[in-house]
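Novice: one predicted model, sequence on top.
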Amino acid sequence: MGRRIATVVVGAALFLALVGCGGGGDGVDPRLINLSDAMATPDATNPAAAGQTCQDALEALQDSGPPEDTAALRAELALWVARAQANPNDTACQVGLVLAILAVAGHNGAYYLGYDPFEGLDTQATAAMAFGDELSPSSFVNDALKTASLKGLPQMRGGAGGVQPMDDGPPPVSDLQQWRAAVKQHLLPALQDAVERLGAIADLAGADELLLSLELDGGTHNLYAADFHCLVAALQLMRCGALMVSSVDPNYGSYNWDLNLDQRDANSDGILTVAEYAPPAPFGNIDGAPWTQAGACLRDAVTRLRQAIADRQVGDPNEVVNQALDGDDPQALDDSLAAASGLLAGQVNVTVQYGTWPADGTAQIPFNLRELWDNPPTSFRNLLPPLLENPPGSGEFAPDMDSLPDRTFSGLLPDPDAIENLMAGDYDRMSICYGDFCIGDAPWLP
């Protein structure tokens, strides 16, 4: 096996350096704002065009952004709850309530996360993110594959605040557990409510009905059902990342991230067991329910993006979807999304592109990406092989492919013999493609 595995586990430190940690406390703090009344507010059952009162208030909210003061933010939330309770079918009332819920969730989560992942989020920014690289389906596929091989762990994606980097390597385990708890307690419930609330508008409104027209930043931004499909897709993609983050146990115990692989060979026998080179359990343990739900969110997002492209009002240049496309070819984008939908649906034959510069080659193999989400192992550590020092005394280790615990890699490779020769090769690049959708480098390979 020519491809080296030096980054298989140590690469997980990349995740630890990317997730922002901060704050403290025991979770009870007067700065936290209760969202129970907001989330209990009814969804729209017969979405209607925005009334003037909520539309004016929504424009003011998006012009100024939510208040930063806790008391003022609590009061702003109460206003939107009252508006949406009084007019549940008013599209502007529901959108304003969603923005207020996300603002409060970001405010609450920031106490633990150290930053607000929803800061600056509005309808235009959310729609633009739906077609951006940060929230592209391939980003989440790569995150899942890297996590399965412990070359990294999932990260929060999207949001105007982005992911906050750290400067000094892995944070303490307690901070990571606190960060994960904040995602579970504050971000995920708000994202789920926002998806359901805006999804009701997208699914029930007539395709040609102008639901909302906002005058912002000197321009007009019109929203139809297609635009709400786009907004829901962006939120589903953000939710996918948050669910994957919440699924993977980050508790690495006393693991020393600074040791090289050769320093982990405790008995100097040239064989590294998983127990020797990987962080101990519970690091890498998987909570299967939210992990599987993340896959469902990703599939729904792709479906809704295709719906947004299909139902957009091509004659309205002020429609939010048309503005978010920003000159991109809608047909080319839909072709890529169609291929992504097929790849995420179940077993297909994909094209593996590989090479060592300047030579190139291709191979066809069966591939079932959906199995990675639908049937995850109890721990991704269970997928790792032992490592063999090759050549002896070199300090270089490669996986012992004959001792893989699961040659199908949790169902991802239904016919592992079909890729055995590829996995044994020495390549400087390898990617998989299905139709117009390519993942990039094949991160499940060591």
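Specialist: Happy to help now that I have it. Residues are numbered from 1 along each chain as shown.

Novice: please enumerate the strands of the stretch 101-250 of the chain.
Specialist: Remark: strands assigned in the stretch 101-250 of the chain by DSSP state E, counting those that start in this stretch are 212-216, 219-223.

Novice: nearest to Asp90, out of the ones you listed?
Specialist: Set against Asp90 and scored by C-beta to C-beta, the strands of the stretch 101-250 of the chain come closest in strand 212-216, at 9.6 Å. Just so you know, the C-beta spots here come from the backbone N, C-alpha and C atoms, and that holds for glycine as well.

Novice: give me the helices and strands touching the closest one, please.
Specialist: Where contact means 3 or more C-beta pairs under 8 Å, 6 or more residues apart in numbering; DSSP states H and E, strand 212-216 is packed against helix 52-64, helix 91-113, strand 219-223.

Novice: CA atoms only: put the last one into CSV for me.
Specialist: Extracted as CSV, the C-alpha positions of strand 219-223 are listed here (Å, rounded to 0.1, in the frame of the first residue of the first chain):
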residue,chain,number,x,y,z
GLY,A,219,-33.3,46.9,-4.3
THR,A,220,-36.4,44.8,-4.5
HIS,A,221,-36.4,41.1,-3.4
ASN,A,222,-39.4,39.0,-4.3
LEU,A,223,-40.2,35.6,-2.7
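
Novice: buried set for the helix or strand harbouring Ala340?
Specialist: Secondary structure assignment for Ala340, by DSSP states H and E: helix 330-345. For helix 330-345, a neighbour-count test (16 or more other C-beta atoms under 10 Å) marks 330, 333-334, 336-341, 343-344 as buried.

Novice: packing partners for it?
Specialist: Checking 3+ C-beta pairs under 8 Å, 6+ apart, helix 330-345 ends up next to helix 137-148, helix 288-311, helix 369-374, strand 429-434, strand 437-441.

Novice: lowest average confidence across these, which one?
Specialist: Least confident of the helices and strands packed on helix 330-345, judged by mean pLDDT, is strand 437-441 with a mean of 78.

Novice: circling back to that earlier point, need the strands of the stretch 101-250 of the chain in CSV (columns: mean neighbour count, distance to Ala127 and mean pLDDT).
Specialist: Converted to CSV, the strands of the stretch 101-250 of the chain look like this (neighbours: other C-beta atoms under 10 Å; distance: least, C-beta to C-beta, whole Å; pLDDT from 0 to 100):
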stretch, mean neighbour count, distance to Ala127, mean pLDDT
strand 212-216, 18, 12, 93
strand 219-223, 18, 9, 95
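
Novice: distance to Pro385 for those strands - can I get that in JSON lines?
Specialist: As requested, these are exported to JSON lines (distance: least, C-beta to C-beta, whole Å):
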{"stretch": "strand 212-216", "distance to Pro385": "54"}
{"stretch": "strand 219-223", "distance to Pro385": "51"}
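
Novice: if we can go back for a sec, for Ala60, find the nearest of the helices and strands packed on helix 330-345.
Specialist: Nearest to Ala60, of all these, is helix 288-311, at 26.7 Å by C-beta to C-beta.

Novice: and the closest one with helix 137-148, angle?
Specialist: When axes from the mean of the first three to the mean of the last three C-alpha atoms, to 10 degrees is applied, the directions of helix 288-311 and helix 137-148 differ by 170 degrees.

Novice: what helices or strands is helix 288-311 leaning on?
Specialist: helix 123-130, helix 137-148, helix 188-204, helix 225-247, helix 330-345, helix 369-374.

Novice: out of those, deepest packed?
Specialist: The highest average neighbour count among these, using mean count of other C-beta atoms under 10 Å, belongs to helix 225-247 at a mean of 28.

Novice: chain center to the strand or helix carrying Val321: distance?
Specialist: Taking DSSP H and E as the criterion, Val321 maps to helix 320-325. Relative to its chain's centre, helix 320-325 lies at 22 Å (C-alpha atoms, centre = their mean, to the nearest Å).
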